[in-house]
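Visitor: quick check, what structure comes out for this input:
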Amino acid sequence: MFVLLFELFENWIGIFYLSARQHWDIFQIALNFTAAVMEYFTCSLISIRVRDDGAIDMPAFYQKQRPILFTVYLALDMIGLFKNWWDRNTPREIPNQWLWADLTIVPMLVLAVIAGWARPLWLQWFAGLGMLALDTYFLIMYAI
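Guide: Numbers count the residues shown, from 1 in each chain. All right, here's what the predicted structure looks like:
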């Protein structure tokens with residue numbers, strides 16, 4: 001859940017470069033709106049509704065939500081891959097930066113599949129920590 005929240009934070013920082021765009025067409029608006037809706041959906045999925053009585057079983061909540069969480073994560077990363085390619089002509093300091101950004105997303109897709117559907121807990125942790133490491137790298141290299 002923390003990795004997904006961290007990725008949302010990173011996505012919000014990462015859209016900063018859109019302010020450099022001189023012209024917007026309807027497709028770019030729709031693409032960015034779709035990404036925003038997916039981010040909202042992800043936020044709603046990681047939010048636990050607190051009841052007035054009883055303890056909250058966070059591990060059970062996570063296990064129940066895990067497949068849908070990582071399905072949305074995969075969809076959000078696929079949108080990110082496409083957005084990086086689509087916005088490749090946006091003025092940036094590094095040529096072909098979109099390609100390097102996409103190459104960091106591809107391993108995250110593999111790790112998301114493992115985290116979302118692997119049965120052994122140690123493998124879920126391995127994938128989650130790998131995703132966290134790649135998200136941290138991505139934040140340092142591309143979003144800040």
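Visitor: secondary structure element holding the residue in the chain sticking out farthest from the centre?
Guide: The C-alpha centroid of the chain is most remote from residue 53, which lies 33.0 Å away (C-alpha atoms, centre = their mean). For residue 53, there is no helix or strand it lies in under DSSP states H and E.
Visitor: cool, and the one 10 residues further on?
Guide: Secondary-structure element containing residue 63, defined by DSSP H and E: helix 58-86.
Visitor: buried stuff in that helix?
Guide: Using 16 or more other C-beta atoms under 10 Å as the test for burial, helix 58-86 gives 65-66, 69-70, 72-73, 76-77, 79-81, 83-84. Where you see a C-beta, it was placed from the backbone N, CA and C, and this is true even at glycine.
Visitor: can you pick out the most distant pair from the residues you listed?
Guide: Comparing all pairs in the buried residues of helix 58-86 by C-beta to C-beta, the longest separation belongs to 65 and 84, at 27.4 Å.
Visitor: I'd like the next helix or strand past the helix-or-strand element of the chain with minimal mean pLDDT.
Guide: One helix or strand of the chain scores below all others by mean pLDDT, DSSP states H and E: helix 2-14, with a mean of 79. Later in the chain than helix 2-14, the nearest helix or strand by DSSP H and E is helix 26-46.
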